[in-house]
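Colleague: next come a sequence and a model predicted from it.
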Amino acid sequence: MAAQKYQYGNLTIRKRKKGPDVWQFRWTEKGRQKSMLVGTVEKLPTQADAERAVESLRMKINAQNPQQQFHRTTVQGLMDRFMSEYAPKRCRRNTSNNYRGLYSNHIKPRWGTEFLDSVRPMLVEDWLEGYNEYKVQLKNGQKIKKPVSRVVKSHIRNLMHTMFERARFWEMISTNPIDLIHQSQKRLKRPRFLEIEQFKLLVPQLAEPDKTMVITHQCLGLRSCETVALKWLDFDFDKLSVHIQRSFVRGEINEVKTEASEADLPLDPDLAHILLSHKARSQFTKPEDFVFSNEQGGIRWPESFLRDHIKPAAKRAGIGNIGWHTFRHTFATLLADMETKPAVQKELLRHANISTTMNVYTQGVQKSLRRAASKAVKALL
């Protein structure tokens, strides 16, 4: 069967009696003429600007053709199609928003106008290695520079890889240049964890129900987005277990981020008693109610709770600056210090990969290192 003829379409300026002139794109679909308005000449002042704006649509119209044979596509064109076709089906709203931010702030300024076949592994790797700061425009119009961490660079690399994999799927390129690029996520600074004594100094500085919320968060080793999304129906106080199944991120409640994250965790009897006491004091106790709801029964935003309650309490306790993940690192470090088997640590932390448990979340405390070293010396001597 002969391949369908590639359609470039017809891009022209349409005059209007009122308002600025607009760019109009015309093409043929199943033998019928179709058209759409692309944007005003104020927004797209040149032909090149208008061409870039219709690039994603042109790719969609010619989806049946191996497009690299007929038309060179820019990274911007790929991103437009990626966000219009791939993201709505495969990504949560928060993930899509993160992709847009990563692309606009980091990828677009360097690669947006480059053709896909001009994106070479050595060029991307050199760019990432030397990419240490970027400009951000504030609402008042002021521009400031922000540093780029290894974690952000890793996110940039992963987004580019996903975009180019989709380009391969759409037959826009034959190979993914990002396959050959490795970007380390290794932290330059070790994340902080609390000593048991420090946690005991923090707790008395919190009033109820904040105290119970922090104790529960610490004792279960949860992520903040999971703690605030807990409902009473998640707890089985007879079997002493809790089912982690949802999270709250930037105003949106979703299932937890991975299959491993959804799990039943054991509930210590003492922690169960603390939670039941909290339930007896609460006015929101129906199965569908949030365990740590706000005064109206709604969900609490973890960012504001951290800023307004946890950080001031830590300051009063004299333990310095902490964040939500400080508690999760503390939980993981305690498990390691108590010589918990790695496989058990992985299950309690609900990691998909045990390397995450070992490499990121557990840090050897000095007394653990000393104890292990002493055992080795005694065995040798």
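Modeller: Great, that's in hand.

Colleague: switch to C-alpha atoms for all contacts and neighbour counts from now on
Modeller: Noted.

Colleague: starting at the chain centroid, how far to stretch 197-211?
Modeller: 29 Å (Cα atoms, centre = their mean, to the nearest Å).

Colleague: same check, this time on stretch 246-265
Modeller: 12 Å.

Colleague: ok, stretch 99-115 next?
Modeller: The answer for stretch 99-115 is 17 Å, by Cα atoms, centre = their mean.

Colleague: can you check stretch 236-243 too?
Modeller: 30 Å.

Colleague: quick check: the gap between the residue nearest the centre of the chain and residue 267.
Modeller: Geometric centre of the chain, nearest residue: residue 95, 5.9 Å, by Cα atoms, centre = their mean. From residue 95 across to residue 267, the span is 31 Å (Cα to Cα, to the nearest Å).

Colleague: do residue 226 as well
Modeller: For residue 226, the distance to residue 267 - Cα to Cα - is 16 Å.

Colleague: give the buried residues for stretch 268-283.
Modeller: 271, 272, 275, 278, 279 (16 or more other Cα atoms under 10 Å).

Colleague: so which of these are in helices?
Modeller: If you go by DSSP state H, those have 271, 272, 275, 278, 279 in helices.

Colleague: ok, now which ones touch the closest residue to the first one other than its chain neighbours?
Modeller: It refers to residue 271. Nearest residue to residue 271 in three dimensions, chain neighbours excluded: residue 216, at 7.1 Å (Cα to Cα, 6 or more residues apart in numbering). By Cα atoms under 8 Å, 6 or more residues apart in numbering, residue 216 lies in contact with 227, 271, 275.

Colleague: give me the nearest residue to the last one, chain neighbours excluded.
Modeller: Setting aside the residues directly before and after it, residue 275 is nearest to residue 212 in space (Cα to Cα, 6+ apart), at 7.1 Å.

Colleague: so what pLDDT did the one you found get?
Modeller: Note on residue 212: pLDDT of 96.

Colleague: buried sites along the helix or strand hosting it?
Modeller: Applying DSSP states H and E as the criterion places residue 212 in helix 210-220. By neighbour count on 16+ other Cα under 10 Å, the buried set for helix 210-220 is 210, 211, 212, 213, 214, 215, 216, 217, 218, 220.

Colleague: mind checking how far the next helix or strand along the chain from that helix is from the chain centre?
Modeller: Downstream of helix 210-220, the next assigned helix or strand under DSSP H and E is helix 224-227. Remark: helix 224-227 is offset 14 Å from the chain centroid, using Cα atoms, centre = their mean.

Colleague: avg pLDDT for helix 224-227?
Modeller: For helix 224-227, the per-residue pLDDT averages 93.

Colleague: phi and psi next, for residue 17.
Modeller: phi -70, psi -40 (degrees, to the nearest 10).

Colleague: tell me, how many residues neighbour it?
Modeller: 6 (other Cα atoms under 10 Å).

Colleague: quick one, what contacts it?
Modeller: For residue 17, the contact set (Cα under 8 Å, 6+ apart) is empty.

Colleague: now do residue 352
Modeller: 258, 259, 260, 261, 346.

Colleague: going through the residues you listed, which ones are buried?
Modeller: Looks like the contacts of residue 352 have 261, 346 buried, using 16+ other Cα under 10 Å.

Colleague: could you list which of the contacts of residue 352 belong to helices?
Modeller: residue 346.

Colleague: and the contacts of residue 352, which is closest to residue 309?
Modeller: residue 261 (26.6 Å; Cα to Cα).

Colleague: so what touches the longest helix seen in the chain?
Modeller: The longest helix of the chain (DSSP H) is helix 150-169. For helix 150-169, contacts defined as Cα under 8 Å, 6+ apart pick out 78-79, 82, 99, 102-103, 106-107, 128, 173-179, 181, 183-187.
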